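structure, please.
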Amino acid sequence: MVLNPKFKINAIYFAGDTFGLNAKFEDIGFNDQVSYQLLGAAYLKANKWLKKDIHQSCILDGELSDTSGADQLLEAHLFESLTFSGNVEAIFISGKDMDKKSPSAVRDYKTIQTNARNFADRHGASLFFID
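Coordinates of the predicted model:
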């Protein structure tokens with residue numbers, strides 16, 4: 001989901017995963033947070049993998065692939081109530097990991113698409129399917 005840009009200003013940002021930490025990474029704490037106005041400082045707090053991705057994306061205007069690596073996340077935290085209607089601009093649904101040979105996976109993905117269309121219509125969000 002892509003939120004309305006108005007939330008960027010009120011978010012607190014962290015260069016790293018604050019929830020799924022493991023022994024490989026040092027704890028991320030209060031001193032590691034940056035505001036939207038100082039978001040560039042996240043580069044200084046990032047590990048070498050995230051620095052590489054920030055450089056690729058922001059300086060070289062490159063596209064990054066999806067990642068599940070905690071060492072490559074730039075987190076944003078919001079500490080305010082958030083309703084969907086009027087606050088979600090877009091929804092992106094990826095089917096690239098779906099097993100296209102499995103009839104049950106194809107059925108499940110069609111259900112996901114239907115539910116996403118209903119949700120987007122109900123809350124005024126744009127909807128995009130990526131394969």
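
residue with max distance from the center of the chain?
Taking C-alpha atoms, centre = their mean, the residue of the chain most remote from its mean C-alpha position is residue 103, at 29.2 Å.

residues contacting it?
Applying C-beta atoms under 8 Å, 6 or more residues apart in numbering to residue 103 gives no contacts. From N, CA and C alone the C-beta is placed, and that goes for glycine too.

can you name the element that comes right after the longest helix along the chain?
Using DSSP state H to define each element, the chain has its longest helix at helix 103-123. Heading C-terminal from helix 103-123, the first helix or strand you meet, by DSSP states H and E, is strand 126-130.

each with direction, which strands does that following strand pair with?
strand 88-94 (parallel) (DSSP bridges).

okay, the angle between the partner strand and helix 103-123?
Per axes from the mean of the first three to the mean of the last three C-alpha atoms, to 10 degrees, the angle that strand 88-94 makes with helix 103-123 is 170 degrees.

measure residue 11 to residue 85 for me?
In this view, residue 11 and residue 85 are 20 Å apart by C-beta to C-beta, to the nearest Å.

so which residues of the protein form strands?
2-3, 12-15, 33-35, 74-77, 88-94, 126-130 (DSSP state E).

pick the most deeply packed of these.
Of the strands of the chain, the one with the most neighbours on average (mean count of other C-beta atoms under 10 Å) is strand 12-15, at a mean of 20.

outside of it, which residues touch it?
28, 32-36, 39, 42-43, 45-47, 50, 74-77, 79.

for residue 125, give me the pLDDT.
For residue 125, the model assigns a pLDDT of 95.

surely it touches residue 89?
Yes - with contacts counted by C-beta atoms under 8 Å, residue 125 reaches residue 89, the gap being 6.2 Å.

once you drop chain neighbours, what's closest to residue 66?
Take residue 66 and drop its neighbours on the chain: the residue closest to it by C-beta to C-beta, 6 or more residues apart in numbering is residue 94, 7.4 Å away.

show the average pLDDT along stretch 93-108.
84.

just the buried positions in that stretch, please.
residue 93 (16 or more other C-beta atoms under 10 Å).
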